[in-house]
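Chemist: sequence first, then the predicted structure, then my questions.
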Amino acid sequence: MTRREQIIKIAKIQFRESGYLSVSMRDLATILDIKAASLYNHITSKEEILEEIIMQAANYFTEEMNVIKSLESSSVDKLKAVIDHHIDITIRDPESIAILNNDWMYLEGKVLREFLSLRKAYEENLRTIIMEGVQKKEINPQNVEIILFSLLSTLRRLHSWYGKQNDLSEYQLKEDVPKILLNGIVSST
């Protein structure tokens, strides 16, 4: 692991635990047992770390959504794939998900605009999957925005809840979350 990767790994943990604004470059240097000035040989700023963490996660979500959109399957199966993807990244990299959801508002300029564009496109793609499901009668004709809000609210906060569930297996999470989120909207016809 390179020093830059070590810095970002430590930053992820600290940003998640304390919040982006509460962590300084000096804090990261102390944890890494190096001089603060040495950090700048690998990273130009704390903002650069935040940008890298968030944009890497946002691009990953975008890539996964592009795969899901291209599937030749029902809207319900596409929604299951979205849910499964969120669960996978929540289990694999909860720090990035926490930072993506909690600290994106500290991005600035071009990076903020790019992130908001990716986020809007992701939500629009999910909205389209839901609307297609309603049109095909795979999903009950309920308010699409409420369905979208319900799915995203649960999936975006999964990282904070799942980390506290010591007795819950990954298998159980992957088995039950899709059933619970979809059974209220999946049509029985």
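Modeler: Arrived safely.

Chemist: CA atoms for contacts and neighbours, from now on please.
Modeler: Noted.

Chemist: now for the helix ranked longest in the chain, which elements pack on it?
Modeler: For the chain, the helix with the greatest residue count under DSSP state H is helix 109-135. Packed against helix 109-135 by the contact rule (3 or more Cα pairs under 8 Å, 6 or more residues apart in numbering; DSSP states H and E) you find helix 46-70, helix 75-92, helix 144-162.

Chemist: where does the prediction get shaky in the chain?
Modeler: 165-166, 184-189 (pLDDT under 70).

Chemist: re the thing from before, buried ones in the longest helix of the chain, by neighbour count?
Modeler: Residues of helix 109-135 classed as buried by neighbour count (16 or more other Cα atoms under 10 Å): 112, 115-116, 118-119, 122-123, 125-134.

Chemist: quickly list the domain ranges of the protein.
Modeler: Domain segmentation of the chain under automatic domain parsing yields 1-44, 50-183.

Chemist: burial check on Asp46, number of neighbours?
Modeler: Check again: residue 46 is Lys, not Asp. For Lys46, the neighbour count with other Cα atoms under 10 Å is 18.

Chemist: that one and Arg156, how far apart?
Modeler: For Lys46, the distance to Arg156 equals 24 Å [Cα to Cα, to the nearest Å].

Chemist: try Glu47
Modeler: Distance from Glu47 to Arg156, by Cα to Cα: 22 Å.

Chemist: how about Ile31?
Modeler: 29 Å.

Chemist: the two: who's more crowded?
Modeler: Taking neighbours as other Cα under 10 Å, Ile31 and Arg156 compare with Arg156 leading, 17 against 12.

Chemist: in contact with that one, which residues?
Modeler: 97, 101 (Cα atoms under 8 Å, 6 or more residues apart in numbering).
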